[in-house]
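Colleague: pasting the sequence and the predicted coordinates here, then a few questions.
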Amino acid sequence: MKKKMLMLGLAALTAVSLTACGNSGGNSANGGNGANSGTGNAPAATNANNGGEQQQVELRMMWWGDQSRADLTNKAIDLFEQKNPNIKITGEFGPSDGYFDKLNTQLASGTAPDIFFLGGNVVDYANKGVLLDLGPYVGKELKLDDMDPSMKEYGTLDGKLVHISAGANARGIVVNKTMFDKAGIPVPQDGWNWDDYARISKEISDKLGKGYYGTYNFTTDGHDIYLKQNGKQLYDMANGKLGFEEADILPWFQYWDKTAKAGGVVTPELQVSNPPADASKSLIVTGKAAMTLLPSNLLGSFQSATQDELIMLQVPRGSKGTGVVFESSQGLSGYAKTKYPNEVAKLMDFWINDPDAAQILGNNRGVPVTSANREVLEASASPTDKIVYDFTSRVSEATTKEPFAVSYNPPGNAEFIKLSDNTVQQIGFGKESVDKAAADFYAGTVKIFESNNQ
Amino acid sequence: MRTVRKPLARTHNRTAYLFLLPWLVGFFCLTLGPMIGSLYLSFTKYNLLDSPRWTGWTNYKEIFSNDPTFSNSLVLTFKYVLLSVPLRLVFALLVAMALNKGIRALGIYRTVYYVPSLLGGSVAISIVWRQIFDSEGVVNTFLGWFGISGPSWIAHPDYLIYPIVALSVWQFGSAMVIFLAGLKQIPADLYEASQVDGAGKARQFFSISLPMLTPVLFFNLIMSIINSFQAFTPAYVIGDGRGGPLDASMFYTLYLYLKGFAYFDMGYASALAWIMLLIIAAFTGIVFATSRYWVFYGDGKEGR
């Protein structure tokens, strides 16, 4: 009996300690990302008491994106350091997949960068009070006189300015014109509707044959556009609730199911192995898919990756219009616990107002948010830039006639996106009927929303 | 005499504890502390950034009553463990036996086969694996020579588990090295005696090698089970990092990670971690409990 007890005890102990070993191994595997975190916060210099002399300050900055964006960003950082010799900036970046996981971990452990980029999920962070209130610095370090009022408004959540947009974009349909020419189909025009879209997708795929597709399936990215086109919205921020019912979103899933079954939509497998927004893999770039939904600021990197001619069209119309507005693509937020809020504000000011910075950064994160810098860029626009400007001005024009509210992602956005992708794949791989999948989707959305909206 | 011996023993103990100190500090600060912390968190709603709020058993109730992803990920993880552990052990044993034939340059082979064990958990290898099993990757090119058009292994939810299992099996090195050491321990006279009695190769394997190896097998089995339950990197990298496509790479650890770090629900993730701990402990317990029936220690005191 004693032996038995001893053995059980041993077994339990082994399990516990071995599990623990495994855990620590796992942690170091993901910890590789964050290994250099927490080192940059220490004040670099000792001359804090030297009265007149300026204190040496070190800031950490984090963004997501590919290598070309990193090169641009680092160049801009170098310029800022030249102009402000007392501030040193350590840049960190990663692909968008893991970026927010890394940021969340650092926020939780109190080692977040002093300044970081956020997208439409800024609400998730503003709700949790981790963003620096920029109000006190406006007009001093941070000059916003020339910034578009709508962008200022976008960064103001719960009455506090916590986010400075670093570029504006509009979503639209990117079209591989070369594929249309090959297929001998006329390139569509703004003002088309969803039936046209489905028909043209099928035509392209039929004309070009096996292995060529008309469009990616952008159910997930298009939720808010579709809802707005029909007078609803994803997230009713003013009233703190979801802005749609199950019946409002079901037709959107049905539309894609129907279009996919008719042919012309990229298969779910291909969509997984060649994600639409990845310029290095997208079938748009390789000339296998003719159209997809894309934010306008990505056109540049897509065009530079292919010989095919790419253009941008407005999203097909629903009953109330296109539902697309010219909106913030992504922007800068400060960490509430940063030791150097003034310097953070200074860097933001540089980012949006400095003409040299605008020259370096270009439209990579969207069109500049100040009119002065827009003029700087327009003077030296490349052909691709011109397509983007032409497109965004068409969108702006359309929204003056058919205005739509700027939208934020609902709380719990990461989980919501995952749920939606799953739903699309359940339908796409034929595991679930559209009605059932959409019902599950709505129930899941409500659950995520309630869990995150406190 | 007694009065002298006691302090001596005490000094010995003290020295022993001194040597144990680094481990003890590590255990209490880095393992036990966080474990107790996570036990507390598992009873709270904790979004990483606000302070945790006590909610009692809510997380556990939610997990068991209303979370299909939990059950799916558990099933997937079990499937992975049940596929990868036996395959890896069989493979490791076969290679170990081949290497035990007294071939030349054994050290080199041993090292070469051990390397995957060191690299297998890394992100780089997982990325390479992605390329190998891509729809136009090496595997499908190979299958193409035989007129088989392989599926898109990494992009189709029905097939994704196989590349991940293959990656796990490929890391057979550490189990193999231990098997090899075990095989070397078996006295040669047993084989000689059996040969005199007319036993064939198969008979020798089942009657001598395998029983003599059971302690080693036992150790390898437990290590493999525990490791497999905690597989994370292959699921994270070979899948899309979000458990997709269609939750086919949503291993338990990945779900736990996503809940905690991507979905701001660390309390829930902690509860998941404790359930995982209990499951692994149960499995280890079962293997220990059955060991008396099949582990042979060769010292006459079987199944201690």
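Modeller: Everything's here; your move.
Colleague: and residue A:283, how many neighbours?
Modeller: The criterion is other CB atoms under 10 Å in any protein chain shown. On that basis, residue A:283 has 23 neighbouring residues. Where you see a C-beta, it was placed from the backbone N, CA and C, and this is true even at glycine.
Colleague: please apply the same query to the one 3 residues further on.
Modeller: By the criterion of other CB under 10 Å, residue A:286 has 14 neighbours.
Colleague: wait, it sits on residue A:280?
Modeller: No - using CB atoms under 8 Å, residue A:286 makes no contact with residue A:280, being 9.8 Å away.
Colleague: what about residue A:233, which SS state?
Modeller: Here residue A:233 is recorded as coil under DSSP: H, G, I helix; E, B strand; the rest coil.
Colleague: for it, what are phi and psi?
Modeller: Per-residue torsions, residue A:233: phi -150, psi 160 (degrees, to the nearest 10).
Colleague: measure the closest residue to it other than its chain neighbours to chain B for me?
Modeller: Closest residue to residue A:233 apart from its sequence neighbours, by CB to CB, 6 or more residues apart in numbering or on different chains: residue A:243 at 3.6 Å. With distances taken as CB to the nearest CB, to the nearest Å, residue A:243 is found 21 Å from chain B.
Colleague: so what's residue A:243 up against?
Modeller: Residue A:243 makes contact with A:227, A:232, A:233, A:234, A:235, A:236 under the criterion CB atoms under 8 Å, 6 or more residues apart in numbering or on different chains.
Colleague: could you point out the helix or strand that follows the helix or strand of chain A with the lowest mean pLDDT?
Modeller: Within chain A, no helix or strand scores below helix A:2-34, which has a mean of 42 by mean pLDDT, DSSP states H and E. The helix or strand immediately downstream of helix A:2-34 is strand A:57-64, counting by DSSP states H and E.
Colleague: is chain B contacted by that following strand?
Modeller: No - judged by CB under 8 Å from any CB of the partner chain, strand A:57-64 makes no contact with chain B; its nearest approach is 13.3 Å.
Colleague: who wins for neighbours among the contacts of residue A:243?
Modeller: Most surrounded of the contacts of residue A:243: other CB under 10 Å gives residue A:235, at 24 neighbours.
Colleague: got the residues of the stretch 351-454 of chain A near chain B?
Modeller: Proximity of the stretch 351-454 of chain A to chain B, by CB under 8 Å from any CB, involves residues A:412, A:414, A:415, A:418, A:421, A:422, A:425, A:426, A:429, A:431, A:451, A:452.
Colleague: so which two of those residues are the farthest from each other?
Modeller: Using CB to CB, the pair of these lying farthest apart is A:429 and A:452, separated by 27.9 Å.
Colleague: near residue A:240, how many other residues are there?
Modeller: When neighbours are counted by other CB under 10 Å, residue A:240 registers 10.
Colleague: quick one: pLDDT of the closest residue to it other than its chain neighbours?
Modeller: Nearest residue to residue A:240, sequence neighbours excluded (CB to CB, 6+ apart): residue A:453, at 6.5 Å. Per-residue confidence (pLDDT) for residue A:453: 75.
Colleague: list the contacts of residue A:453.
Modeller: Residue A:453 makes contact with A:240, A:410, A:411, A:412 under the criterion CB under 8 Å, 6+ apart.
Colleague: doesn't the second one fall inside a helix?
Modeller: No - when three-state DSSP is applied, residue A:410 is found to be coil, with no helix at that position.
Colleague: for it, give me phi and psi.
Modeller: In terms of degrees, to the nearest 10, the main-chain angles of residue A:410 are phi -70, psi 160.
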